[in-house]
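> When you get a sec, could you give me coordinates for this:
(one chain, ligands or ions: 3)
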Amino acid sequence: MTDRDHLPVNHPPVKFGKVGVLLVNLGTPDGTDYKSMRRYLEEFLTDKRVIEWSPWKWYPILYGIVLNRRPQKVGKAYEEIWNHEKGESYLRTYTRNQAEKMAIAMTDLPNVRVDWAMRYGQPSIKSKIDELQKDGCEKILLFPLYPQYAAATTATVNDEAFKKLLSMRWQPALRTVPQYADDPVYIDALANSIEKHIASLDWEPELLLTSYHGIPMSYFEKGDPYHCYCYKTTRLLIDRLGWPKEKVMLTFQSRFGPEEWLNPYTDKTVEKLAKDGVKKIAVINPGFVSDCLETLEEIAGEAGEIFTHNGGEKFTHIPCLNDSEDGMRVLETVVRRELMGWV
Ligand SMILES: C=CC1=C(C)c2cc3[nH]c(cc4nc(cc5[nH]c(cc1n2)c(C)c5CCC(=O)O)C(CCC(=O)O)=C4C)c(C)c3C=C
Ligand SMILES: [Fe+2]
Ligand SMILES: [Fe+2]
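Ligands and ions are numbered 1, 2, ... in the order given. Predicted structure coming up:
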């Protein structure tokens, strides 16, 4: 008698014994056209973890103004940084590459299957949990790809996965990967990428800005720990680089809406630095696992322009860790640690 002999005739096929690893990043539109952009932004901006205003206050603004104007404006920005060769955004390209490279690196664990999903847009977390289970995964390690925890990012990925579990008769065991803002492997990888990048220039930056995506100040005041994790990463990075702390600044970018967000703001800081006579700066985005609109367009593009238009001379953007060797070492180290006891 096998484990399957006692199944009723109509019982769906049962597979088990595997562990799934699901890498999840924020999301991305399917195209840069108005419809794709609107669909993506609507899913994103109706998430209560992202916009905490009451729907009574927010929806008239969202459906009356934001979703009529923003898809066009942001679609143009995406168009500038689109991976035309693959017909998709770089965030999608890098996330898929990370999953593929991780699967190859984990062949010593034959029961582990690695896949990827997006919180908004496709492929969805729900569809991937289904696929992993059909493939025999009784256990799933869910990895929100954010080194610094925030409710608007990490928690909403976890919520979505647990929402899927709510509807399942046979739930896989679900483990979530915690923040890794202070992991020495991550700090080391960031420091290496800075050192390598600067060594490739024929000039030396006077200042390094570590620019993180912001959140509204009110979220921080209500207890979100994100701000503290960002400061921790930058402090440890300065220690690892062995630089004087005056050479590194921490700023927040990507403000959205009229509220006050975490500050100092990246764009205002870059402008002030240039006006104050700083000539050469480098910017890194430690909170972004992969390059995306916010790093390629807003920092490499816009922030660079702001700096040079205001008297700055040299500006460089240090790429995210993406699917580089160092970047993969970080993701793999975190995954192997969190799989302990399961494999
Ligand atoms: C109130 C709105 C937003 C909060 C809070 C927020 C937090 C937050 N976001 C990221 C990472 C990313 N955000 C990206 C794009 C993006 N973010 C917002 C709004 C909020 N983010 C919007 C409306 C957009 C879309 C673009 C736009 O309309 O301006 C992206 C890039 C996605 C891509 O496809 O390239 C990332 C990544 C973090 C880490 C964070 C809080 C810590
Ligand atoms: Fe964002
Ligand atoms: Fe932005």
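
> low-scoring stretches of the stretch 151-300 of the chain, by residue?
Low-confidence segments of the stretch 151-300 of the chain, defined by pLDDT under 70, are absent.

> Could I get the full set of helices for it?
Assigned by DSSP state H, counting those that start in this stretch, the stretch 151-300 of the chain shows helices spanning 156-166, 184-199, 217-221, 226-241, 266-275.

> Compare the ones you listed and report which one is nearest to ligand 3.
helix 266-275 (10.0 Å; CB to the ion). C-beta coordinates here come from the backbone N, C-alpha and C atoms, glycine included.

> what about that closest one, near ligand 3?
No: if you take CB under 5 Å from the ion as the test, helix 266-275 misses ligand 3, and the best it gets is 10.0 Å.

> Reformat the helices of the stretch 151-300 of the chain into a markdown table and put distance to Met249 next to each item.
Formatted as a markdown table, the helices of the stretch 151-300 of the chain follow (distance: least, CB to CB, whole Å):
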| stretch | distance to Met249 |
| --- | --- |
| helix 156-166 | 29 |
| helix 184-199 | 14 |
| helix 217-221 | 19 |
| helix 226-241 | 9 |
| helix 266-275 | 7 |
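
> how about JSON lines for these, with distance to Gly304 and mean neighbour count added?
Shown next, in JSON lines, are these (distance: least, CB to CB, whole Å; neighbours: other CB atoms under 10 Å):
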{"stretch": "helix 156-166", "distance to Gly304": "31", "mean neighbour count": "17"}
{"stretch": "helix 184-199", "distance to Gly304": "15", "mean neighbour count": "18"}
{"stretch": "helix 217-221", "distance to Gly304": "27", "mean neighbour count": "15"}
{"stretch": "helix 226-241", "distance to Gly304": "21", "mean neighbour count": "19"}
{"stretch": "helix 266-275", "distance to Gly304": "8", "mean neighbour count": "20"}
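
> possible to save the ones you listed as TSV with distance to ligand 1?
What follows is those, written out as TSV (distance: least, CB to the nearest ligand atom, whole Å):
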stretch	distance to ligand 1
helix 156-166	9
helix 184-199	15
helix 217-221	7
helix 226-241	5
helix 266-275	13
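
> Figure out the helix or strand that the residue lying closest to Ala155 once chain neighbours are set aside lives in.
Distances taken as CB to CB, 6 or more residues apart in numbering put Arg49 closest to Ala155, at 5.7 Å, once the chain neighbours are dropped. Under the criterion DSSP states H and E, no helix or strand holds Arg49.

> show me what contacts Arg49?
Shown in contact with Arg49 (CB atoms under 8 Å, 6 or more residues apart in numbering): 151-152, 155-156, 159.

> What confidence value was assigned to it?
At Arg49, the model reports a pLDDT of 98.

> Against ligand 1, how distant is it?
Per CB to the nearest ligand atom, to the nearest Å, Arg49 is found 8 Å from ligand 1.

> What separation is there between that residue and Thr295?
22 Å (CB to CB, to the nearest Å).

> Near ligand 3, which residues of the chain? Just list them.
So the chain meets ligand 3 at 254, 294, 298 (CB under 5 Å from the ion).

> Compare those residues and tell me which has the most neighbours.
Within the residues of the chain next to ligand 3, most neighbours by other CB atoms under 10 Å means Glu298, with 22 neighbours.

> my guess is that residue contacts Arg255, does it?
No: between Glu298 and Arg255 there is no contact under CB atoms under 8 Å: 10.2 Å.
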